[in-house]
Each structure stands twice: as structure tokens, then as C-alpha cells.
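Colleague: return atomic coordinates for the entry below.
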Amino acid sequence: MVIGKKNLVHTLESMDFLKMDRRTFLKAVGAVGATAFLGTYKTEIVSALEFAETKLVWLHGAECTGCSESILNGGNPDIVQAITKLNVNLAYHETLLAQQGLFVDGKPANSSELNSEILVDELIEEGNYILIVEGAIANGPDGSGRYCVIGNRPFKELFSKAAKNANAILAVGTCAAYGGINSADSAVSELTDYRGVQFTKEDGSKGMLQELGIRKPVINIPGCPAHPDWILLTLGAVILGKLRIPEDLNSALDRFGRPKVFFPPGHTVHENCPRRGYYDRGEFDTEIGGEKCLWKLGCKAPYTHSDCALRRWNGSVSMCTQAGSPCIACVEPGFPDSARPLYVEAEDKGVFLGANIDTVSKAAVGASVLAAGVHAVRRMKGDD
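Modeller: Residues are numbered from 1 along each chain as shown. Have a look, this model is predicted:
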């Protein structure tokens, strides 16, 4: 039985938020989204937090700032409402803070009230913060990290200092989680050597933390960009003690460090795609602009593990395939290499009982055969 969001919110209103166990909490926030959850329990959240304050230090490596833009585009609650309700002190965020990087004769000048370089060092020395990393971390050339320099300091150096003093780390966006487009195969990729915080692509031995010999609990929230709900609700779960670090991470995260509630190992975008009916009937678009299944245009939804099709984007209004674009699997650790070529049919990936997609199309006349295969979508290789 499927319960509508309004009915689910009504059900939640009769539940005691403070007595929810971790599993119930994660299912609730995953199902109703940031808007409904924070709105339903705003009084209880304030009571639970009392006067405690959670400090966030948000650093930017090699990225496009798309994940910050995504969370700023979140609505009801917007970012200001969310951090207010969660009693968050966004102490450092390079894109949003007013301070500048002031230097005189090559050295940081003035005070932390005016100079961002001094501010971030003071915050790191104080400790007791959650570190949010957006963007990949350069290790090249030759381990120096100088292919990504901020304020004449390699980002690798700043990340190392901040990671050591952090209570926990959230890697926001595919660049921070797995290296993203910065780590894509190219003529210079070995030289620049961009890394994710904990992984580089699917390799957990080549994350920057491993390179630096630092052990810290990490939650990966991939996406290009990451959905505002994924970021806000994960933060909420951590801040409210419903996702304890590190005790709950093994059970709450998949093998690539993603919260299972948003990136379910047994579920793909394809299963709830608005165009799924066309796939089941073997009807496929061959040109952009149609309304049928987008598989032949390179859609990767059958092996992309996220709740995009349930959660939707832009205020739960739409999503990539609904708007006409094939899914490009941007939440997967191998992105973009594992998804390339982006808009060309992946001919070597059978998604229907291991069959080629043309076989599915020819079998579309047999409705009973198709119905039997509705849940036989092939999972991404190596998935849990």
C-alpha cells in the first residue's frame, strides 16, 4: 500500500519525535522531505536542541559551487530557516561570508573579522565542528596539491588541517565524494591527481584521507549537484542525534558511504521514472524532445541508485527524465567515466533479464512477459 505524503505527515504528527529510533527517523525524513519534517516537528526540534549549537566549516575545493547553489535554491525551508531551526552556526563558507582574503607582503593581514584566511585558521584551531567539503582535492603535481591553491595555500593543506580537528566530515557533491569530473580520465588526470575525501571513483584506498593518513568518519552525499533535502536532512539527522557518528554509519550507509535512505542499494531511478510506462511497452525516443523512454538516448536510470524520481527537484516539481534529459548517473562513484558517452545508448548493458534493449522492444507485444520482468532491472555491477 502506498501512503500519500499528506497522509504520512498526518501520521507523523501523532508520533513522538523524541522517542523515534534511528531507523524510524531516517525513514520519516526520507519519505516526507525537509519541508514536511522540519515543519511538523519544529517545536520538538527546538526543545531537543535546547541551547546547543552546531558549528559548520564549509570548504570549497575544485568544483563549480553547484551544490551550494542547490542548497540555496532549496525552499520551505530555505537554508536560513533550516539552519535557524537546527541551531546551526555556519561559521565558514567561502561563497557566503563577507570577509576577504587580505594579504600584505604575502602574509595574511588584519583580523578574522575582515580576513577569511585568518578566520578559517581560528575556527579550525577551536575545533568542535562538522567539516563540509564541496569539491575535489588536488594531490598533484607530485603530491604537492598545488593544482588547487586558495590564498597561496594548497587546498590539500587546508583540508588536512581542517579534517584533523573535525568531529565528522560530510562530502557534499560527487566531486567531494568521489572526485567527479576532476578525476575523469584525461591526458592530465594522473598529473593533477584529484581525489575525493574518502574515495577516488570507486577506490576507497585512494581517497585524500587515506593519502594523508587521517581517520575520520565520513558521510558522502553525491550528486551533480546534490539535492537540498539530501544535505539538510543528513545534517539534521546528525545534529539531532538520530544518526550517531560513528556508531550508526555502518548500518546507515552503503559501501560507497552514501545514506541508504536517499541512495537505496535495492532501488534505481528507473523504477519510479515518469517515463517508466513507455519502457514497459518497449517505446523509445530516438531524438531529444519526445515523451517516451529515453534509454536509446543514453539514459542511465536503470543502474543509478537514488530517490530522484520519488523526491523530485525544484520544490518536488520535476526531475531530469521528466524534463526530457536522460539520467546521467551523476550520483554514482564512477561518474562521469562510467556514464560516458552520456547521450548514447549503452549497448553493452542489458537491463531486461540481461537482454539487449531491442529484444525488449520486440517483446513489447507480449504484455504478460513484460509484466513478469517489471522488477528484473539489472543492478549496477558490484552493488550491495
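Colleague: can you give me the helices in the stretch 251-384 of the chain?
Modeller: Listed in chain order, the helices of the stretch 251-384 of the chain (DSSP state H, counting those that start in this stretch) span 276-280, 308-311, 320-323, 357-362, 367-372.
Colleague: hey, least reliable of these by pLDDT?
Modeller: Among those, helix 367-372 has the lowest mean pLDDT, at a mean of 32.
Colleague: distance from the strand or helix carrying Ala237 to the middle of the chain?
Modeller: According to DSSP states H and E, Ala237 maps onto helix 228-239. Relative to its chain's centre, helix 228-239 lies at 11 Å (CA atoms, centre = their mean, to the nearest Å).
Colleague: list the helices and strands it packs on?
Modeller: Judged by 3 or more CB pairs under 8 Å, 6 or more residues apart in numbering; DSSP states H and E, the packing partners of helix 228-239 are helix 22-40, helix 66-72, helix 79-85, strand 168-172, strand 218-221. Where you see a C-beta, it was placed from the backbone N, CA and C, and this is true even at glycine.
Colleague: worst mean pLDDT among these?
Modeller: helix 22-40 (a mean of 67).
Colleague: tell me the contacts of Gly223?
Modeller: Cys67, Ser70, Gly173, Thr174, Trp230, Ser306, Cys330, Val331 (CB atoms under 8 Å, 6 or more residues apart in numbering).
Colleague: using a markdown table, lay out these together with neighbour count and distance to Ser160.
Modeller: Formatted as a markdown table, the contacts of Gly223 follow (neighbours: other CB atoms under 10 Å; distance: CB to CB, whole Å):
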| residue | neighbour count | distance to Ser160 |
| --- | --- | --- |
| Cys67 | 29 | 21 |
| Ser70 | 20 | 27 |
| Gly173 | 32 | 20 |
| Thr174 | 32 | 22 |
| Trp230 | 29 | 26 |
| Ser306 | 26 | 30 |
| Cys330 | 23 | 27 |
| Val331 | 29 | 27 |
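Colleague: residue contacts, Thr239?
Modeller: Quick fix: residue 239 reads Ile, not Thr. Here Ile239 is in contact with Leu49, Thr54, Leu86, Asn87, Val88 (CB under 8 Å, 6+ apart).
Colleague: and of those residues, the nearest to Ala168?
Modeller: Checking the contacts of Ile239 against Ala168 with CB to CB, the nearest one is Thr54 at 10.6 Å.
Colleague: can you pull the phi and psi angles for that closest one?
Modeller: Backbone torsions of Thr54, given as degrees, to the nearest 10, read phi -100, psi 130.
Colleague: where's it relative to Gly151, distance?
Modeller: Computed as CB to CB, to the nearest Å, the Thr54 to Gly151 distance reads 26 Å.
Colleague: okay, now the unreliable bits of the stretch 251-384 of the chain?
Modeller: 347-384 (pLDDT under 70).
Colleague: go again using 80 as the cut-off
Modeller: Scanning the stretch 251-384 of the chain for pLDDT under 80 picks out 346-384.
Colleague: compare Thr54 and Gly151 (neighbour count), which wins?
Modeller: Per other CB atoms under 10 Å, whichever of Thr54 and Gly151 has more neighbours is Thr54, with 20 against 15.
Colleague: contacts only, for the more buried one.
Modeller: Thr54 touches Leu86, Asn87, Val88, Asn89, Tyr129, Ile130, Ile239, counting by CB under 8 Å, 6+ apart.
Colleague: kindly report the same for Cys320.
Modeller: Counting by CB under 8 Å, 6+ apart, Cys320 makes contact with Cys308, Pro326, Cys327, Ile328.
Colleague: state the pair within these that is farthest apart.
Modeller: The span of the contacts of Cys320, defined through CB to CB, is set by Cys308 and Pro326 at 12.6 Å.
Colleague: comparing these two, which shows the higher neighbour count?
Modeller: Cys308 (26 against 23).
Colleague: can you name the residues that contact that one?
Modeller: His227, Val269, Met319, Cys320, Cys327.
Colleague: pipe the residues you listed into JSON lines and attach distance to Gly101 per row.
Modeller: Output for these, formatted as JSON lines (distance: CB to CB, whole Å):
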{"residue": "His227", "distance to Gly101": "31"}
{"residue": "Val269", "distance to Gly101": "40"}
{"residue": "Met319", "distance to Gly101": "38"}
{"residue": "Cys320", "distance to Gly101": "36"}
{"residue": "Cys327", "distance to Gly101": "39"}
